[in-house]
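Chemist: Quick one: sequence and predicted model below, then my questions.
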Amino acid sequence: MRNGHRPLLAATTMAVVTTGVAYLFGPGAAPADSEAGRAAAAAGPATGQAKTATGQGKAATGEGRPAAAHPAAAKSGRAAGAEACEVSPKYPKRQLRGVWIATVHNVDWPSKTGLDAARQQAEYVRILDNAVKRNLNAVFVQVRPASDAIYKSPYEPWSQWLTGTAGRDPGWEPLPFLIAEAHKRGLEFHAWFNPYRAADKDNLAKLPANHPARLHPGWVVKHEGRLYYNPGLPEVRAHTVKVIKDVVQRYDIDGVHFDDYFYPYPGKGTKFADTAAFTKYGKGMSLAAWRRENVNTLVAQAGAAVHEAKPYVKFGISPFGIWRNKSNDPAGSDTKGLSAYDAIYADARAWIKSGSIDYVMPQIYWPRGFAAADYAKLVPWWANQVKGTGVHLYIGQALYRVGARDVAAWTKAGELPAHLTLNRKYPEVQGDVYFSAAQLGKNPLGVLDALVKDHYPRPALPPLVAGRGGAAPAVPSGLGLAGGTLGWKSSPEAASYAVYRVASAKPDGCATADGRNLLAVVPAAGTAGQSYAVPGGGAYLVTALDRLGNESAPATAVLP
């Protein structure tokens, strides 16, 4: 999917697409789960056609509120009331802040194949701790890189990226541990699947005996040295949905996630050999329209299966950052790059309009002012697509590009933080996800320190997704202080608790309207009581949250 190991190609050569890496990572990418090629493709030619305010006055927070409510008030999670609370865009109460953890080619985790369970676990915990340190609240972990599994699957073999050998049992089952450790730290866990990759070599005989492609060779297309499942076959879609639903049913995940790989990205220009399927199922459509319909059908089926199994599990997709260019469609963006609609038959606008997805997370991996794909033009375009639909918009951010010297903007520490500043102008943007976890420990150009200082100084609750249900738990009871620790009784159905602090003042009804007073999000301990070490005196408010982030009214205690 994405990769920070290889810089973008020079602008004059960006249109050249390599084939082997395009299968796994997209055009122009290096051998890792890469998006460097996405940016390369962008520079190449297009390929075708409130809480209700319950008190009076302003909250005493040590910082004055803005004179007028910002559009981002909609993100605060409050309901409209007789007196709306004014909120600060600098302190969003609800915001998705995530990081991708790629397993393919050991991009992020585990660091290499063959590590024992203890080493794998320690590496993963280190990633999570770095995420928490930066006030992130979600991880997107690649559980199915290419028709394989980093969990014990009844349908597909163990991933080679655990042991070095496809199909070999690693001696432990990672997924329950990965989920539990994320939840222990208050991080949502989104299971990331690739729907169509079958294998990075086209020799069926070398696949594990239980590999679906070996059991059903008619399902796959050999294409430029790789194996792909044929998106035009109903059997392929049924198998993919079965694999996803199995994970949803058996594991305590919070979301199902697809990345940008659908039909293969352009490589050597070899024709994708799906003629037989098109002849059988095309029903008079053009080849391009039929291929898009195949992808749309899988997306709809996957979303329905996820929500049928567990209504609270979110489903979303991270498409290539350009839907279509305005030059080949008036509805497209003012860009000059690869069109996902035409090149890989991914119609993100259709998924948004149909409501097949809960969120869309375009990979806008280009800086402001980039001629072929300007971040400052793409964000408002995507914001306009989701406006009024109920589909959330999060932005895929190219953390891996920070420090790259091939594009001048990425050599500047301020470029990525400026993306988040620009996002504040568009209330439809409800968060960001970074590629990738390997960069969390590296902190290139100190950019993560800048993000925390200027954009993530406080924790954030997850955005509430309409239709996923849930209900606010009971208000925490028994709130009090003992020995410098704030304690309260656990609320039934609470997954976590939000702790707010208003220093040296009595809070009013707006104290929890935005995130400026949010001190911590404390995961439920599974015991009769909860506790949190407080930093000093003041007024403390504690609310209970269900797993989706539905929030109770606060319990309040004023401490000396």
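Modeler: Looks like it came in fine. Model, not experiment: these values are computed from the prediction.
Chemist: Output the longest helix belonging to the protein.
Modeler: helix 287-309 (DSSP state H).
Chemist: Now do that helix: distance to the chain's middle.
Modeler: What separates the centre of helix 287-309 from the centre of its chain is 19 Å, taken as C-alpha atoms, centre = their mean, to the nearest Å.
Chemist: go on, stretch 181-188?
Modeler: Going by C-alpha atoms, centre = their mean, where stretch 181-188 is centred and where its chain is centred differ by 15 Å.
Chemist: Export that stretch to CSV, keeping only CA atoms.
Modeler: Taking Å, rounded to 0.1, in the frame of the first residue of the first chain, the C-alpha atoms of stretch 181-188 are listed here in CSV:
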residue,chain,number,x,y,z
GLU,A,181,-3.3,-4.6,23.8
ALA,A,182,-4.9,-1.9,21.7
HIS,A,183,-8.0,-1.8,23.8
LYS,A,184,-6.0,-1.8,27.0
ARG,A,185,-4.5,1.5,25.8
GLY,A,186,-7.8,3.0,24.6
LEU,A,187,-7.1,2.5,20.9
GLU,A,188,-9.7,1.3,18.5
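Chemist: could you give the mean pLDDT of it?
Modeler: For stretch 181-188, mean pLDDT rounds to 98.
Chemist: what do you get for stretch 415-423?
Modeler: For stretch 415-423, the mean pLDDT works out to 98.
Chemist: Give me the buried positions along it.
Modeler: 415-420, 422-423 (16 or more other C-beta atoms under 10 Å). All C-beta spots, glycine's among them, are computed from the backbone N, C-alpha and C.
Chemist: go on, stretch 282-297?
Modeler: For stretch 282-297, burial by neighbour count (16+ other C-beta under 10 Å) applies to 282, 290-296.
Chemist: Which residue ranges of the stretch 401-550 of the chain form strands?
Modeler: Taking DSSP state E, counting those that start in this stretch as the test, the strands found in the stretch 401-550 of the chain are 429-434, 477-482, 485-489, 496-502, 518-523, 529-533, 538-545.
Chemist: so what does the fifth one touch, helix or strand wise?
Modeler: The elements that strand 518-523 packs onto, with contact taken as 3 or more C-beta pairs under 8 Å, 6 or more residues apart in numbering; DSSP states H and E, are strand 496-502, strand 529-533.
Chemist: still on that earlier bit, pick out whichever of the buried residues of stretch 282-297 sits closest to residue 100.
Modeler: Ranked by distance to residue 100 (C-beta to C-beta), the buried residues of stretch 282-297 are led by residue 295 at 21.1 Å.
Chemist: coming back round to it: and the strands of the stretch 401-550 of the chain as CSV, adding mean neighbour count, distance to residue 402 and mean pLDDT?
Modeler: Shown next, in CSV, are the strands of the stretch 401-550 of the chain (neighbours: other C-beta atoms under 10 Å; distance: least, C-beta to C-beta, whole Å; pLDDT from 0 to 100):
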stretch, mean neighbour count, distance to residue 402, mean pLDDT
strand 429-434, 25, 10, 98
strand 477-482, 13, 42, 92
strand 485-489, 17, 38, 96
strand 496-502, 24, 31, 97
strand 518-523, 21, 27, 98
strand 529-533, 15, 34, 96
strand 538-545, 24, 32, 96
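Chemist: correct me, but residue 399 touches residue 434?
Modeler: Yes: the pair residue 399 / residue 434 is scored as a contact, 4.1 Å apart, by C-beta atoms under 8 Å.
Chemist: contacting residues around the residue nearest to residue 405 when sequence neighbours are not counted?
Modeler: Nearest non-adjacent residue to residue 405, counting by C-beta to C-beta, 6 or more residues apart in numbering: residue 411, 5.8 Å away. Going by C-beta atoms under 8 Å, 6 or more residues apart in numbering, residue 411 touches 403-405.
Chemist: just the buried members of those residues?
Modeler: Those of these that meet the buried threshold are 403-404, by 16+ other C-beta under 10 Å.
Chemist: ok, the contacts of residue 411 vs residue 353, which is closest?
Modeler: Among the contacts of residue 411, and counting by C-beta to C-beta, the member closest to residue 353 is residue 404, at 35.2 Å.
Chemist: I'd like to know which of the helices and strands packed on strand 518-523 is closest to residue 316.
Modeler: Residue 316 sits nearest to strand 496-502 of all those, at 21.3 Å, using C-beta to C-beta.
Chemist: That closest one - contacts with which helices or strands?
Modeler: Looks like strand 496-502 contacts strand 518-523, strand 529-533, strand 538-545 (3+ C-beta pairs under 8 Å, 6+ apart).
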